[in-house]
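Q: Pasting a predicted model and its sequence here:
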Amino acid sequence: MEIFDTANMQAALSSESSEKKAPAVVIDNEGKAWAKPLPYNYDELAKQGPVETTDWEGNGAIYEWNDEFGDVGPKFPELELALFGNPDTRHDHSGLDFSVQVISSVDVSQDGPTRIEPVHSYKDAGLHPVMLENVELAGYEAPTPIQKYTLPAIHQGLDVVAVAQTGSGKTAAYLIPILNKLMGKAKKLAASRPNPSEVALGQVFVRAEPLVVIVCPTRELAIQIFNEARKFCYRTMLRPCVAYGGGPIRDQIQQLGKGCDVLIASPGRLCDFIQRPDVLSLRRLRYMVFDEADEMLHDSWREEFDVIMTGGEQQEGSIKYMLFSATFPKPLRDLAKEHLSSSSVRINIGRIGSTHANIMQRILEVAPFDKKTALKDQINSLPACRTIIFVNSKRTADDLDDFLYNMGFPCTSMHSDRTQLEREASMRAFRAGKTPILIATGISARGIDVKNVNHVINYDLPSMDHGGIEEYTHRIGRTGRMGQRGIATSFYTERDEPIASVLVRTLLETKQEVPGFLEPFKPTGKGLENLKFETESDFDPEEAGVAHLGISSGDGGWSNEGYGGDDDAASAAATGEDAAWGGGGGGGDASAGGNSAWGGASDNTGNEIKKEETQAASVWESSAGGSAW
């Protein structure tokens, strides 16, 4: 394997924040510098005064619509800067890997009775001019593979199951088309709400009746989707809100009471509000999206899931369902069969459950008592860069937080024993670069979506009883996002032997080096021909309800109606992949998304490049197997 180039990582350290920086201190690591660590007192943070005065993420600034605006709202430069970040850096894509070998090795397949022709640019996607401008403001230049297919599929009014690796732009894939389609008929479909120019805050409230509900498994992911929705609702009539556990319920009810067209919520808090008919009704609901859907199908969430699918005065037959996930286990297939229409489409990008080939994976054999020394060595082995360290316990997270701070590294930690306020503060510090090293438990693996995470370290590999190789995939997917290259380092001890065989198959599938101590776990013979995860072995072709259409290629455009068409053909707004930290995608308080997409799998003629036409075809393995769910 070629030597991984870390030259571009130093760019991650530049910050566009206007805040005064602490003086840098040089640690003895061959001249590589980290910022001076700042004391972080969680006890003091927990003692902060009334929640009304707290800077909760759910109270982030949004574009408040005034009925006097007409069909398109005017620009507000100050809000635009806060949402989209510095215009001089939001289009900086240094470090992106758009090589033909990477792009064209992405295998795309679709299942369903309707063949979806991909779009190859946002300008050809029938977007409302304001939505197109918002996409450009967010720094998006070309749709990613998953976006190429979901934009036209949602536009055509189809229920969608989209399965793609982490970091492939799934959030934008549903936000762009849905919000775009609703822009043309918001006045007709949306509930009435107080006019901010006439009503003072807190004096008049209405019942929230959203057109779109997006359900996601973690608080951090809910906040990040909300931050992206804030961008793409800019200058539209659509008002986004977020509801999640741990945050102040009074604040969230007040935000809903000012009107809500797009609601992003965690399952528990959504169920709470559904059971308060004076606060929330789903009678106007048109789109139900499940982001990281496979995480919400565990037995422990079954009761909440049933409430979400049937409660709140939903109008049966008027709702389009979207399931987005990195894996497609049997519970998710059962859900698709039960709730999605027979005309639904399933889109697979890459091999289900796989990770990206542009993440360099390194497995190091480390004795348990040497882990801290190895961690220090790994942090010092690269230029100072944004780093996430995953552990398996809250105690270990706190222990490493103290250890690294005392070693002079700027770090913070996040786990479920932290209050929601503390967790949000940690994420803000991580995004802003105040504490560019984040220590987190697995609960955060699905929620961290930050630009320029160059290094992920699995201090503890996930156990097979708690996520196994799927958890590993989601963890390392915090780097190498949206065309970026990244490094994932994992510490392996004798306790990790149960995960060794599937870990080796993952390394082989993505053309990674297998260290000598893992050689005994290499598959032999026919085992080398099938490197799929064990979690996919429960796929039953007889469950399939529609035929597999295979790889969809070509330059076909899609139906032409654009925005404002039929109720059944909605389109969603784009969501940037990350909160930028310094150069490259510049982010303001909205977790700015300055990502270009993967650049599109196309040749100079605009035709999509087929996987078999490249030498990199073996990097990705088709997940289709011949059928849908």
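A: Right, received. Where do you want to start? Predicted model only: the values in this text are computed from it and were never measured.
Q: Please make it C-alpha for all contacts and neighbour counts, starting now.
A: Will do.
Q: Show me where the stretch 201-350 of the chain has its strands.
A: With DSSP state E, counting those that start in this stretch as the criterion, the stretch 201-350 of the chain has strands at 212-215, 240-243, 262-265, 287-291, 320-325, 345-349.
Q: Quick one: closest of those to Leu280.
A: Closest approach to Leu280 among the strands of the stretch 201-350 of the chain (Cα to Cα): strand 262-265, 10.2 Å.
Q: quick one: average pLDDT of stretch 520-537?
A: Here stretch 520-537 scores 63 as its mean pLDDT.
Q: Quickly compare the strands of the stretch 201-350 of the chain and say which is most buried.
A: Highest mean neighbour count of the strands of the stretch 201-350 of the chain: strand 240-243, a mean of 29 (counted as mean count of other Cα atoms under 10 Å).
Q: Which strands and helices lie in contact with it?
A: Contact partners of strand 240-243 among helices and strands, from 3 or more Cα pairs under 8 Å, 6 or more residues apart in numbering; DSSP states H and E: helix 219-232, helix 249-257, strand 262-265.
Q: Just the C-alphas of the shortest one, formatted as PDB.
A: Right, strand 262-265. Extracted in PDB, the C-alpha atoms of strand 262-265 (Å, rounded to 0.1, in the frame of the first residue of the first chain):
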ATOM      1  CA  VAL A 262     -39.800  20.400   9.500                       C
ATOM      2  CA  LEU A 263     -39.300  18.600  12.800                       C
ATOM      3  CA  ILE A 264     -36.100  16.700  13.600                       C
ATOM      4  CA  ALA A 265     -36.400  14.600  16.700                       C
END
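Q: Return the list of helices and strands in contact with that strand.
A: Counting contacts by 3+ Cα pairs under 8 Å, 6+ apart, strand 262-265 packs against strand 212-215, helix 219-232, strand 240-243.
Q: where are the low-confidence patches of the stretch 101-250 of the chain?
A: 101-106, 166-167, 196-204 (pLDDT under 70).
Q: one more time with 80, if that's ok
A: Residue ranges of the stretch 101-250 of the chain with pLDDT under 80: 101-107, 165-168, 184, 186-187, 194-204.
Q: Could you do the stretch 251-400 of the chain as well?
A: Looking at the stretch 251-400 of the chain by pLDDT under 80, you get 294-303, 326-329, 350-358.
Q: just the helices in it please.
A: Remark: helices assigned in the stretch 251-400 of the chain by DSSP state H, counting those that start in this stretch are 267-274, 302-310, 330-339, 371-380, 394-406.
Q: Report the contact partners of Phe430.
A: Thr412, Pro436, Ile437, Leu438 (Cα atoms under 8 Å, 6 or more residues apart in numbering).
Q: quick one: which of those has the most company?
A: Most neighbours among these, by other Cα atoms under 10 Å: Thr412, with 30 neighbours.
Q: What score does it have for pLDDT?
A: Model confidence at Thr412, given as pLDDT, is 92.
Q: Leu404 against Asp398, yeah?
A: No - Leu404 is beyond contact range of Asp398, at 10.1 Å (criterion: Cα atoms under 8 Å).
Q: Counting neighbours, go ahead and name the busier of the two.
A: It is Leu404, of Leu404 and Asp398, that has more neighbours when counted by other Cα under 10 Å, with 20 against 16.
Q: how many neighbours does the residue nearest to the more buried one when sequence neighbours are not counted have?
A: The shortest distance from Leu404 to any residue other than its chain neighbours is 6.9 Å, reached at Cys411 (Cα to Cα, 6 or more residues apart in numbering). If you count neighbours by other Cα under 10 Å, Cys411 ends up with 29.
Q: just to revisit the earlier point, I'd like the helices and strands packed on strand 262-265 as CSV, with distance to His155 appended.
A: Shown next, in CSV, are the helices and strands packed on strand 262-265 (distance: least, Cα to Cα, whole Å):
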stretch, distance to His155
strand 212-215, 15
helix 219-232, 17
strand 240-243, 21
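Q: For Arg418, find the nearest of the ones you listed.
A: helix 219-232 (12.5 Å).
Q: Pull that closest one out as PDB, backbone CA atoms only.
A: Provided in PDB are the C-alpha atoms of helix 219-232 (Å, rounded to 0.1, in the frame of the first residue of the first chain):
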ATOM      1  CA  ARG A 219     -29.300  13.700  20.200                       C
ATOM      2  CA  GLU A 220     -26.100  14.700  18.500                       C
ATOM      3  CA  LEU A 221     -27.300  13.500  15.100                       C
ATOM      4  CA  ALA A 222     -30.600  15.400  15.700                       C
ATOM      5  CA  ILE A 223     -28.800  18.600  16.400                       C
ATOM      6  CA  GLN A 224     -26.600  18.200  13.300                       C
ATOM      7  CA  ILE A 225     -29.500  17.500  11.000                       C
ATOM      8  CA  PHE A 226     -31.300  20.600  12.500                       C
ATOM      9  CA  ASN A 227     -28.200  22.700  11.800                       C
ATOM     10  CA  GLU A 228     -28.200  21.600   8.200                       C
ATOM     11  CA  ALA A 229     -32.000  22.100   7.900                       C
ATOM     12  CA  ARG A 230     -31.500  25.700   9.200                       C
ATOM     13  CA  LYS A 231     -29.300  26.300   6.100                       C
ATOM     14  CA  PHE A 232     -31.600  24.900   3.500                       C
END
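Q: For that helix, which helices and strands make contact with it?
A: With contacts taken as 3+ Cα pairs under 8 Å, 6+ apart, helix 219-232 sits against helix 77-84, helix 129-137, helix 170-183, strand 240-243, strand 262-265.
Q: Any buried residues in the second one, and which?
A: Within helix 129-137, the residues that count as buried by 16 or more other Cα atoms under 10 Å are Val130, Met131, Leu132, Asn134, Val135, Glu136, Leu137.
Q: how near is the residue nearest to the first one when sequence neighbours are not counted to Ile249?
A: Put plainly, it is Val130. When the adjacent residues along the chain are set aside, Val130 lies closest to Arg235, with 7.2 Å between them (Cα to Cα, 6+ apart). Separation of Arg235 from Ile249 (Cα to Cα, to the nearest Å): 27 Å.
Q: Also Asp159?
A: Distance from Asp159 to Ile249, by Cα to Cα: 32 Å.
Q: Name the residue in these two with the higher neighbour count.
A: Just comparing Asp159 and Ile249: by other Cα under 10 Å the higher neighbour count belongs to Asp159, 28 against 15.
Q: List the contacts of the more buried one.
A: Per Cα under 8 Å, 6+ apart, neighbours of Asp159: Ala153, Lys320, Tyr321, Met322, Leu340, Ser341, Ser343, Ser344, Val345.
Q: Distance check, it against Asp124.
A: 22 Å.
Q: Please apply the same query to Glu133.
A: Per Cα to Cα, Glu133 is found 13 Å from Asp124.
Q: Am I right that Ile439 falls within a strand?
A: Yes - residue state for Ile439 (DSSP: H, G, I helix; E, B strand; the rest coil) corresponds to a strand.
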